[in-house]
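*Asks:* need a structure here:
(chains A and B)
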Protein chains: 2
Amino acid sequence: MASTNKAHVVIIGGGFGGLYAAKTLGNKPVRVTLIDKKNHHTFQPLLYQVATAGLSPGEIAAPIRGVLGRYKNTEVLLGDVIGVDTTRNVVQFARNEATGDPGDPGELAFDYLIIATGASHNYFGHDDWARYAPGLKTIEDATEIRRRILLAFELAERRARVTGTQEPINFVIVGGGPTGVELAGTTIEIARRVLNQQFRSIDPARARVILVEAGPRVLPPYPEDLSQSAERQLRHLGVEVMTNSMVTDIGPDHVMIGTTRLPAAVALWSAGVQASPLGKRLGVPVDRAGRVIVESDLTIPGHRNIFVVGDLAAAKSPDGKPVPGVSPAAIQMGRFAAHTILGDLKGKPRGQFSYWDKGSLATIGRAAAVADFGKIHLSGFIAWLAWLFIHVFFLIGFKNRLLVLIDWAWAYVTFQRGARLITGNSDAIAPSQRSTT
Amino acid sequence: MASTNKAHVVIIGGGFGGLYAAKTLGNKPVRVTLIDKKNHHTFQPLLYQVATAGLSPGEIAAPIRGVLGRYKNTEVLLGDVIGVDTTRNVVQFARNEATGDPGDPGELAFDYLIIATGASHNYFGHDDWARYAPGLKTIEDATEIRRRILLAFELAERRARVTGTQEPINFVIVGGGPTGVELAGTTIEIARRVLNQQFRSIDPARARVILVEAGPRVLPPYPEDLSQSAERQLRHLGVEVMTNSMVTDIGPDHVMIGTTRLPAAVALWSAGVQASPLGKRLGVPVDRAGRVIVESDLTIPGHRNIFVVGDLAAAKSPDGKPVPGVSPAAIQMGRFAAHTILGDLKGKPRGQFSYWDKGSLATIGRAAAVADFGKIHLSGFIAWLAWLFIHVFFLIGFKNRLLVLIDWAWAYVTFQRGARLITGNSDAIAPSQRSTT
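*Replies:* Residues are numbered from 1 along each chain as shown, chains lettered A, B, ... in the order given. Have a look, this model is predicted:
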C-alpha cells in the first residue's frame, strides 16, 4: 500500500474508459493518477469529421488536465507506460531522454490499476500497408487523412491543366464498419458538394469513392435492414459499395481486390482493430485481437486490483453477450471499475459488469444515418438528427459543443467545410511523407 | 502574350499581398493564376494565438481555393515556384515527384507577374539556432511552438513528482517586436491564469517569461511613449523585459546573453525577418534583408510587367518613407499592382504607390495593448478592444469571425484556452523532434 493512508488508483489511458473512471473517482477518498501518452482526450466518434475537414482538431479534443483540473485528488501525467509488474504492483514508464532525471525510478506504484489503453489499427499481418492506407484513431491520423484527401484534388488539378484530361481520382476505403461508412459518405460530399465550384481544370464531382467490405454487407454489427438502408443511402450519395470483396494487397497508388487492381489516389483503412500491446504484457490470456479476457468484474485473473476497461477488454455481460468496442461501453466499464474500487473501500461485495445497450447510431453523410434502438430502427434525416444531438451532447465542454454546432449549421447551409487545411511538411507537396497538423 | 486574348496575370503567394491582388482582379477582363506552396491563406497577425493555444489553426486559416472560388477567371494552383525567367516571361516550378507528369513543362507563362512570397525568419547567419528557437510564420510553426510551451509544463510536472522540487521553467523570447511582445504576454498568461490550478507537483505560475531585445526598447517601430507603456504592461503581467541585451548563442536548453547563460525550457525567435529567396533570383538589386528594391509602381527595374508586393518588396512612398512590413501595407500593395495592371489594359498612365498608414496596434495580453494612430496614442484596455475588433473584422470569412469571437469571449471570462493540444509525433514525448499539428 502507498505511503499515505488513501488508496492510490492509477489509470492508464485518457480515452473514454480512463477518463470516465477518473471522473467517477474525482474528489472521492482515493488518490488518482491518470497517465496518457497524449495531453488530450480525443472524442473518437467525430474523428472522421476532422479527417474530412468538417471540424478542427481543437473542437473534438480537450486537454485531460483541463477536464480533470477540478478534482484535487487527481493528478495527470504525460507518459508512456510500457509494462505492468503485477507482482510488485508498479507500472513501468518508458525511459525518457527529456525527463531523464537520474532520480526517476521509471516506475509508479499503485493499489488499484485501471488499464484503458484502447486499440489501434489491425492490418492482419500486413503492417506495410499502413503507410499507403492510414487508419483513423488519433488527431494525427485525422489530419494526415485530411491532407491526403485534399492533396489528391490539388495534384489532379495540376496534372489536368498540363495534360488537358482529368485522371481518375479514386478514394478507396477498406472496411465497411461505422468508420468506413462515415469516411465514404463525407468524402463523396467533399467531392460533389464542397469542392465542385472551386477547380478549373478538373471536375471534383467526377472523383469516385469506393467502399470495400470483405463481408456480405456494410455495418456488420447492425440489423440487416439497417445495413441495407445504409448501403442505399451511400449509393444515393454516390458511393460505390463493394461487398464480399477481399483486399489482397495495397500499394502506393492502388488497392488489389482479389486479383483486380483498383487505382487509388488515396486509400484509407478501417477494416480492423488491434488491442493495445500493453494487454499482452500482463501475462494473462488475450483473444485473437489482443484483448485481455477479463473476469465478470473486469479484473484480470488472479489480480482483483487490476482492471481492464474499454477496447482493450474482452468482456462479456452476464447474459454471455460480448461487450462491443464502442464508446458507451468504454464509459460504462470505466465507471464500473471506479465504483467497484469505491465499493471495496467501503467493504461492499463486488458486482458483475453488464453492458447497457442504449442503441447504436452510424452517420453516413449530410442528413443520412441509421439508428438501431432495439425494436426501433431509424434511417435518413431523423436518424441523422438523433446522431447529431447525441454526439454533440457528449462532446466534452460547453464551448466545444457550441463551436461544433456552429460549424455544422454553417456547413449544412452553405456546403462549406471550414477546416480544409493541408498542413505539415511545408516543403513537400508529395503525399508520400507522413506528417500532421 | 498568352494564347487567349485576355492577359494572363500570375500571382505567386497567397498571403495578404497576393490574395488581395487576386481579389482585385477577380471577374475582371484578365486570366488569373494564383500559386502557393500551401492550400491556405494564413491570417498571420493571429498566429501567436495558435502558438499560445488560444485559437485553433482552422480559425485563422482559410483555403485559398475557397476564398477565390467565386471568381471564374481565377485558378488556384498548389505549387512551389523556384524561379522566374524574366526574359521569357515564365515562372519555373519545382519538379515534383508526385505530379511528375512527363508532359509537365514545369513552367507557366505570364503576361503580368505579381510576386508576393513574403518573408521568413532571419537568424543572422546562425541557422543552427532555428531548431532550438523556432520562429512564427506558418501554422506549422505555431503548432510546434504550442507543443513546446505545453510540453515544458508537462515535463516539469513529471520531474517534480520524482524530485520533489520544481526546476526553473524559463520561456525566453528573443526579439521585442510586436510578435515577441504578443508571445511574451500570452505565455505568461498561460502560466499564471490558465494552467495554475491544473498541476499537482509544480506551480505553473512560477514559470518565468523573459523577453530579450537587443535595442534599447520593446516595439522599436512605435513611438517611445508607447514602447514604455508596452514595457510597463508586460512587467505588470509578470514578463521580465531585458533590453540592450544581445543574444550570442542558443543551445538546446539555454540562451546566451552576452556572456551570461540563461537556462531556457523553451526559446522562441522573433528577432528578424529574411525575405523569400525568390527575390534574389530575379537578378535585380535587393537590400540587406533580401527584399527586392522596387520602382515607384512596385515593378522591378526593366520589367514593367513584373511586380513585387508585400514583405518581399523594399518600397518607398513618394515622400521617401520606407513602406513597413505589415499586413495593411501588403494588402495596399497587392491592390495597387492589380489596379495598375487593369489600368494598363485600359491605356491609363501608371501612378506611384503610396502607403496609407491607418495606425499600428500591438497586443500584449488580456486587455493589454498599445495603439498608435498618429497623434492619438492608446494603451491598455481601450487599445486592446480596438485591436480585437479590427483583427476579428479582417479575419477572412464570417464563420471564422464568429468562432474567434466565441473563443475569445470564452477565454476572457473563464481563463480557459481551448486549443491546448500537444500533437504530432505521437511516440516521442521529448521536445527535440520537430513535428506539427
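*Asks:* Next one, pLDDT for A:Pro134 please.
*Replies:* Per-residue confidence at A:Pro134 stands at 95 (pLDDT).
*Asks:* what's around it, how many residues?
*Replies:* 21 (other C-beta atoms under 10 Å in any protein chain shown). Yep, even glycine has a C-beta here, placed from its N, CA and C like the rest.
*Asks:* That one against A:Glu144, yeah?
*Replies:* Yes. Between A:Pro134 and A:Glu144 there is a contact under C-beta atoms under 8 Å: 5.6 Å.
*Asks:* Look up how far A:Thr165 lies from A:Leu268.
*Replies:* 26 Å (C-beta to C-beta, to the nearest Å).
*Asks:* Have a look at those two and say which one is more surrounded.
*Replies:* Neighbours per residue (other C-beta under 10 Å) separate A:Leu268 from A:Thr165, with A:Leu268 holding more: 29 against 9.
*Asks:* Bridge partners for the more buried one, pull those for me.
*Replies:* Listed by DSSP bridges, the beta-bridge partners for A:Leu268 are A:Ile173.
*Asks:* show me where the stretch 201-350 of chain A has strands.
*Replies:* Here the stretch 201-350 of chain A has its strands, by DSSP state E, counting those that start in this stretch, at A:208-212, A:240-242, A:247-251, A:254-257, A:260-263, A:266-269, A:273-275, A:292-293, A:299-300, A:303-308, A:313-314.
*Asks:* which helices and strands sit right next to the last one?
*Replies:* Which is strand A:313-314. Applying 3 or more C-beta pairs under 8 Å, 6 or more residues apart in numbering or on different chains; DSSP states H and E, we find strand A:313-314 packed against strand A:292-293.
*Asks:* export stretch A:130-137 as PDB, just CAs?
*Replies:* Output of stretch A:130-137 as PDB, limited to C-alpha atoms (Å, rounded to 0.1, in the frame of the first residue of the first chain):
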ATOM      1  CA  ALA A 130      -0.200   1.200 -43.100                       C
ATOM      2  CA  ARG A 131       1.800   3.800 -44.900                       C
ATOM      3  CA  TYR A 132      -0.400   3.500 -48.000                       C
ATOM      4  CA  ALA A 133      -3.700   3.200 -46.200                       C
ATOM      5  CA  PRO A 134      -3.700   5.000 -42.900                       C
ATOM      6  CA  GLY A 135      -6.300   4.200 -40.200                       C
ATOM      7  CA  LEU A 136      -8.200   6.700 -38.100                       C
ATOM      8  CA  LYS A 137      -7.600   6.600 -34.300                       C
END
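*Asks:* And for that stretch, what's in contact with it?
*Replies:* A:44, A:47-48, A:51, A:118-121, A:123, A:141-142, A:144-145, A:148, A:172, A:174, A:179, A:183, A:250-252, A:255, A:267-270, A:434 (C-beta atoms under 8 Å, 6 or more residues apart in numbering or on different chains).
*Asks:* Quickly list the domain ranges of chain A.
*Replies:* A:8-121+A:273-345, A:128-271 (automatic domain parsing).
*Asks:* between these, which gets nearest to A:Thr363?
*Replies:* domain A:128-271 (5.6 Å; C-beta to C-beta).
*Asks:* Now do the end-to-end distance for the closest one.
*Replies:* Domain A:128-271 has an end-to-end distance of 15 Å (C-alpha to C-alpha, to the nearest Å).
*Asks:* One more: stretch A:302-319?
*Replies:* Using C-alpha to C-alpha, one end of stretch A:302-319 lies 23 Å from the other.
*Asks:* If you count neighbours, what's buried in it?
*Replies:* A:303, A:305-317 (16 or more other C-beta atoms under 10 Å in any protein chain shown).
*Asks:* what angle sits between the strand or helix carrying A:Leu151 and helix B:139-163?
*Replies:* Per DSSP states H and E: A:Leu151 is located in helix A:139-163. Between helix A:139-163 and helix B:139-163, the angle comes out at 160 degrees (axes from the mean of the first three to the mean of the last three C-alpha atoms, to 10 degrees).
*Asks:* near chain B at all, helix A:139-163?
*Replies:* Yes. For helix A:139-163, a contact with chain B is found by C-beta under 8 Å from any C-beta of the partner chain, at A:139-140, A:143, A:150-151, A:154-155, A:157-159, A:161-163.
*Asks:* Out of the residues you listed, who's the most crowded?
*Replies:* Counting neighbours by other C-beta under 10 Å, A:Thr143 leads those with 29 neighbours.
*Asks:* just checking, it touches A:Thr52?
*Replies:* No. Between A:Thr143 and A:Thr52 there is no contact under C-beta under 8 Å: 11.2 Å.
*Asks:* And the helices in the stretch 251-400 of chain A?
*Replies:* A:327-345, A:380-394, A:398-414 (DSSP state H, counting those that start in this stretch).
*Asks:* quick one: secondary structure of A:His41?
*Replies:* strand (DSSP: H, G, I helix; E, B strand; the rest coil).
*Asks:* residues contacting it?
*Replies:* A:His41 is in contact with A:14-15, A:19, A:61-64, A:67, A:396, counting by C-beta under 8 Å, 6+ apart.
*Asks:* Looking at those residues, point me to the pair that's furthest apart.
*Replies:* Going by C-beta to C-beta, the pair spanning the contacts of A:His41 furthest: A:Gly15 and A:Pro63, at 14.2 Å.
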